[in-house]
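Participant: Provided below for reference: sequence and predicted model.
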Protein chains: 2
Amino acid sequence: MQLNENCPIPLSGSHGLVTLAHGEGGLLSRELIRDHMQVILSDPTLNVSGDAACLSLNSSSIMMTTDSYVVSPLFFPGGDIGSLAVYGTVNDLLVSGAIPYCISLGIIIEEGFPIATLDRILKSVRNACERCSVFVSTGDTKVVPRGQCDQIYLNTTGVGIAGPVVPPGPQAIQPGDEILVTGPIGQHGIAILSARENLQFEPEPTSDVNSLANEINAIKGHMEQVRSLRDATRGGVSAVLHEWAEAAQCTFTIMENQLPISPEVQAACELLGLNPLHIACEGTMVIAAASGQGPLILESLQATGNRDAAIIGTARSRQNAPVTIKNLFDRELPIDEPMGAPLPRIC
Amino acid sequence: MQLNENCPIPLSGSHGLVTLAHGEGGLLSRELIRDHMQVILSDPTLNVSGDAACLSLNSSSIMMTTDSYVVSPLFFPGGDIGSLAVYGTVNDLLVSGAIPYCISLGIIIEEGFPIATLDRILKSVRNACERCSVFVSTGDTKVVPRGQCDQIYLNTTGVGIAGPVVPPGPQAIQPGDEILVTGPIGQHGIAILSARENLQFEPEPTSDVNSLANEINAIKGHMEQVRSLRDATRGGVSAVLHEWAEAAQCTFTIMENQLPISPEVQAACELLGLNPLHIACEGTMVIAAASGQGPLILESLQATGNRDAAIIGTARSRQNAPVTIKNLFDRELPIDEPMGAPLPRIC
């Protein structure tokens, strides 16, 4: 089906740009949903006329998560706002012990945004949904006048079914527990910064934005030994460990020589004076595993071809600093929690 | 509990304004969530550290809906963006035959937005949630640089449990079916327009933003005779009827002398050249009832003290125009579907 085949008043009447009228509930709104959202997301349950989607879940216990996505630029090496909005929300379900089922898609568009770019983003949403075996159950589109948002913002709210084993959470972490990461650190944040500021690093840093389903699947046989899982998004690995240290009243000590950091992220961080532990990932999670279980979990991850997973540190009884790092000269230094914003609008 | 009681670095360090750092996942993000979102929404399940909320539903069939809210101004006679974001989403669940259970709350804030205003909006969210017997199950906050959104935008995604009788939908509408509205027409759109443009009408038009739970409850004994329900938001009663006419391949004829329109909305529409049928409501729904059932449904609504509900028209076999109005001189005229945007950013 061609996109505008059934469109009585072609959207080209708006010169291929989103107009305020596309957001006002009239004919153009309906056409935008029917000829773009519905066609591209190709989902029969995304009913243009209904106000809510009906979901039949074989579980009385569901998980729910929400995230808005305001990333700039919209397209970056390794992904775009569409794939990010799917993987980000699906990963929040996965690390919470849920089996992702569906997402909602709320779109806020700036007047004048090219419809071709909207279609490209919708296709990316669809592809990411297919890879995650989820679907868009319900959607909404608002258009705001020029200058009242920056191009396009998305919100996805994910619903999943609680899995057989839900990790107890960070308050269960004990001294001696081991901390792992499932992939390289800081890829997403550096890729965004590099693309936004056109930094022209060689090789170009690429976002790790991806589903964590493979990693979750790899460790599922060890889930009883997992205290807590978290995708290391805004604030990076450091933010996860600071939150967990507060919940568990412990200190985490990280070994610098164990951190999986790609040469391009390492080089960019050195040049820009950034700590890779503070930089967001979008396809890497942190695992807190019961003492002695780290090597088994690492083996399971490596058995799937994962070359970047690593045991990066351990939990200890609470010291002065909640998170410390042993550097390459075996000196232990505190890692501050970032107050602030090394990189706005990374997700 | 005072808002900032536990705040080690007082938010007043930001002079009471939201900073980019409040959106970046570090210490200030956590404090904003802990000391404002959690305290004001006063919901123990809104876990600052978790990525997803776990919901125990006694049903395998749930309904889901999403809406973004970009209304301007944020506060208007009768409501604000916070109450609108709750009632709007709850009403979408109610008219779909669901019993509302919870909502997610995604917030996009412009850097520099006053935290006191954020608190006022959060309190309004909480109050509306209490009135609807729903809770905020999960949330997210993003901050964008100045000029990249207009103050604050919300997204709420609602989850409900499918009720005992879910109306079949507009495709079930037959010639002879009766069309009712449960309240006055056009109140919300005119209230927004009047507040935004400072039109100083006397009396001041007030939004009807409210839960439709009372109306749904009043008609629940007749739900088997209801073909379709819809809240008449963007595009007003006219947009609902145009969508239904397409789905049912029928024509609706409205009686102008039956329309419940307040004197202030009537006066404002005449002055501004607007058709009240095109103006959004936020607490009025349209009901399509099986032929002959309209008076019984109207009686049930009136028995709860509702003075504005009315039978406004009937479905007929398809004519040239999908929606027509019989005016005060008994002349039948077509009602066009609004292409466009009489009023941007009304919700």
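Facilitator: Everything's here; your move. Computed from a predicted model, the values in this text were never measured in an experiment. Numbering: from 1, shown residues only, chains lettered A, B, ... in the order given.

Participant: tell me what the longest helix belonging to chain A is packed against?
Facilitator: When chain A is parsed with DSSP state H, its longest helix is helix A:115-132. With contacts defined as 3 or more Cβ pairs under 8 Å, 6 or more residues apart in numbering or on different chains; DSSP states H and E, helix A:115-132 has these neighbours: helix A:39-41, strand A:79-80, helix A:81-95, strand A:98-110, strand A:135-144, strand A:152-162. To be clear about C-beta, it is placed using only N, CA and C from the backbone, and glycine gets the same treatment.

Participant: okay, these in CSV with mean neighbour count, mean pLDDT and distance to chain B next?
Facilitator: Below are the helices and strands packed on helix A:115-132 laid out as CSV (neighbours: other Cβ atoms under 10 Å in any protein chain shown; pLDDT from 0 to 100; distance: least, Cβ to the nearest Cβ, whole Å):
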stretch, mean neighbour count, mean pLDDT, distance to chain B
helix A:39-41, 19, 85, 13
strand A:79-80, 23, 98, 17
helix A:81-95, 28, 97, 4
strand A:98-110, 25, 95, 4
strand A:135-144, 24, 92, 5
strand A:152-162, 27, 95, 4
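
Participant: mind checking these for the one nearest to residue B:79?
Facilitator: Between residue B:79 and the helices and strands packed on helix A:115-132, the tightest spacing by Cβ to Cβ is seen for strand A:135-144, at 17.5 Å.

Participant: sheet partners, orientation included, of that closest one?
Facilitator: Here strand A:135-144 is paired, per DSSP bridges, with strand A:98-110 (parallel).

Participant: what's the closest non-adjacent residue to residue A:224?
Facilitator: For residue A:224, ignoring the flanking residues on the chain, the nearest one in space by Cβ to Cβ, 6 or more residues apart in numbering or on different chains is residue A:165 at 6.2 Å.

Participant: measure the one you found to residue A:223 for me?
Facilitator: As judged by Cβ to Cβ, to the nearest Å, residue A:165 and residue A:223 stand 4 Å apart.

Participant: now the common contact residues for these two.
Facilitator: Common neighbours of residue A:165 and residue A:223 are listed as residue A:97 (criterion: Cβ atoms under 8 Å, 6 or more residues apart in numbering or on different chains).

Participant: neighbour-wise, which of these two wins?
Facilitator: residue A:223 (16 against 12; other Cβ atoms under 10 Å in any protein chain shown).

Participant: so is the more buried one in a helix, a strand, or just coil?
Facilitator: Three-state call for residue A:223 (DSSP: H, G, I helix; E, B strand; the rest coil): helix.

Participant: against residue B:230, how distant is the residue nearest to residue A:224?
Facilitator: Counting by Cβ to Cβ, the gap from residue A:165 to residue B:230 is 42 Å.

Participant: average pLDDT for stretch A:323-339?
Facilitator: Across stretch A:323-339, pLDDT averages out at 92.

Participant: how about the residue nearest to residue A:224, secondary structure?
Facilitator: Assignment for residue A:165 (three-state DSSP): coil.

Participant: is it true that it touches residue A:221?
Facilitator: No: applying Cβ atoms under 8 Å, one finds residue A:165 not in contact with residue A:221, separated by 10.2 Å.

Participant: who are the neighbours in contact with residue A:161?
Facilitator: Contacts of residue A:161 by Cβ under 8 Å, 6+ apart are A:57, A:58, A:59, A:61, A:62, A:63, A:98, A:99, A:101.
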